[in-house]
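Student: structure, please.
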Amino acid sequence: MNRDNFPTELKRLREERNLSQEDMATLLANSHRVFDGVNQVTISKWERGDTKTSLLRRLGISSYLSIQYEYDAKELDTLSPSIKLSDIPVNQDISYSYSIDSVDCYTTKSIPSESWNDILAIHSKLYSLDFMTFYNADHLSVDDIVILVFYCKGLMVGHILYDDRTNMLLSIGSISLSIRKQVLQYMAESITKKSFIIPVHDPAMAQFLYDLYLEPKRSMFGLFLFTVEPQLLATNPFYQNLSENGDQSFKYFRYYSQKSKKKSIEFLL
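Tutor: This is a model prediction of the structure:
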């Protein structure tokens, strides 16, 4: 999909998925704020080429449909400032491919000290913040912390920490983006919590969650706290495709655009 073939590709991909113009408009509008107000007439005009879509919406639709978008030189220039925002540790990957084959559950008293130190180190590297400082500021008890450690052939490859009493998610770590996807999938499918309070470190991710119609509860230490239902979030096509293909372009371009207008998440709280 690109700027020139967008009308024909949109129609082809929509019909390939057996969606009417009204169906697609409803799905887009209900899934992300960028498409608020989009209706059947809008989709029809896009497909006929009567109305030009913005780069942001073209990226959003390619993300929604999990289709790679091909940029021209002008679009790359427009996008380049936002791409720089995505250069953070949590978006980096390594070359090896791993699969989780076992999960162990610990408390702060039962976890081996070496594993605990590894978790503290990787969290600090990913987020530049000690989650225990954040945790203690809310006067919560370490006795309520549940620690899930994920392994591949005996090697620790990921973790989840949460407070079992308040459902506060404290930390998610992984050695690769593929493992992160598996950890998040485990969280959505295997942890019997209807909702979690999630502190979000990356403002672009916080903007993304807000755009999925989640409301931030408060901010703390520069973090944005959302109440999230993992199973509901996992069914949102924008979140699904972000997790599956790891393409951050739409998320960061949306955040950059909103921040430039002083309408991003920082200006809402």
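Student: got the phi and psi for Lys109?
Tutor: When read as degrees, to the nearest 10, the backbone of Lys109 gives phi -90, psi -30.
Student: and what of Leu85?
Tutor: Main-chain dihedrals, Leu85, degrees, to the nearest 10: phi -70, psi -20.
Student: and the strands in the stretch 101-250 of the chain, which stretches?
Tutor: For the stretch 101-250 of the chain, the strands defined by DSSP state E, counting those that start in this stretch occupy 102-106, 145-152, 155-163, 169-174, 196-200, 216-220, 223-228.
Student: mind putting these in JSON lines, mean neighbour count, distance to Glu15 and mean pLDDT included?
Tutor: Every residue, glycine included, has its C-beta placed from N, CA and C. As requested, those are exported to JSON lines (neighbours: other Cβ atoms under 10 Å; distance: least, Cβ to Cβ, whole Å; pLDDT from 0 to 100):
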{"stretch": "strand 102-106", "mean neighbour count": "14", "distance to Glu15": "42", "mean pLDDT": "96"}
{"stretch": "strand 145-152", "mean neighbour count": "20", "distance to Glu15": "41", "mean pLDDT": "96"}
{"stretch": "strand 155-163", "mean neighbour count": "21", "distance to Glu15": "40", "mean pLDDT": "93"}
{"stretch": "strand 169-174", "mean neighbour count": "23", "distance to Glu15": "38", "mean pLDDT": "90"}
{"stretch": "strand 196-200", "mean neighbour count": "22", "distance to Glu15": "37", "mean pLDDT": "88"}
{"stretch": "strand 216-220", "mean neighbour count": "14", "distance to Glu15": "38", "mean pLDDT": "80"}
{"stretch": "strand 223-228", "mean neighbour count": "20", "distance to Glu15": "34", "mean pLDDT": "89"}
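Student: what's the burial count for Pro81?
Tutor: When neighbours are defined as other Cβ atoms under 10 Å, Pro81 has 13 of them.
Student: now it, nearest residue through space, not along the chain?
Tutor: Among residues not flanking Pro81 along the chain, Tyr256 sits closest, at 6.0 Å (Cβ to Cβ, 6 or more residues apart in numbering).
Student: same deal with Glu215?
Tutor: Per Cβ to Cβ, 6+ apart, closest to Glu215 is Phe226, 7.5 Å.
Student: the one you found: what's it in contact with?
Tutor: Counting by Cβ atoms under 8 Å, 6 or more residues apart in numbering, Phe226 touches Ile197, Ile198, Val200, Ala206, Leu209, Leu214, Glu215, Pro216, Lys217.
Student: Validate this expectation: Asn80 resides in a strand.
Tutor: Actually, residue 80 is Ser. It isn't Asn. No - applying DSSP: H, G, I helix; E, B strand; the rest coil, one finds Ser80 to be helix, outside a strand.
Student: and the residue sitting furthest away from the middle of the chain, what element?
Tutor: Distance from the C-alpha centroid of the chain, by Cα atoms, centre = their mean, peaks at Asp50 (33.0 Å). Using DSSP states H and E, Asp50 sits within no helix or strand.
Student: got phi/psi on the nearest residue to Met24 once chain neighbours are set aside?
Tutor: Distance criterion Cβ to Cβ, 6+ apart; nearest residue to Met24, sequence neighbours excluded, is Arg14 at 5.3 Å. Torsion angles at Arg14 (phi, psi; degrees, to the nearest 10) stand at phi -60, psi -50.
Student: and the helices in the stretch 151-269 of the chain, which stretches?
Tutor: For the stretch 151-269 of the chain, the helices defined by DSSP state H, counting those that start in this stretch cover 177-190, 203-211, 230-234, 237-245, 249-260.
Student: rank these by pLDDT, which is bottom?
Tutor: Here the helices of the stretch 151-269 of the chain differ in mean pLDDT, and the lowest is helix 237-245 at a mean of 75.
Student: quick one: contacts for the residue nearest to Pro81?
Tutor: Residues near Tyr256 by Cβ under 8 Å, 6+ apart: Pro81, Ser82, Leu85, Ala204.
Student: again, but for Leu27
Tutor: By Cβ under 8 Å, 6+ apart, Leu27 lies in contact with Leu19, Tyr64, Pro237.
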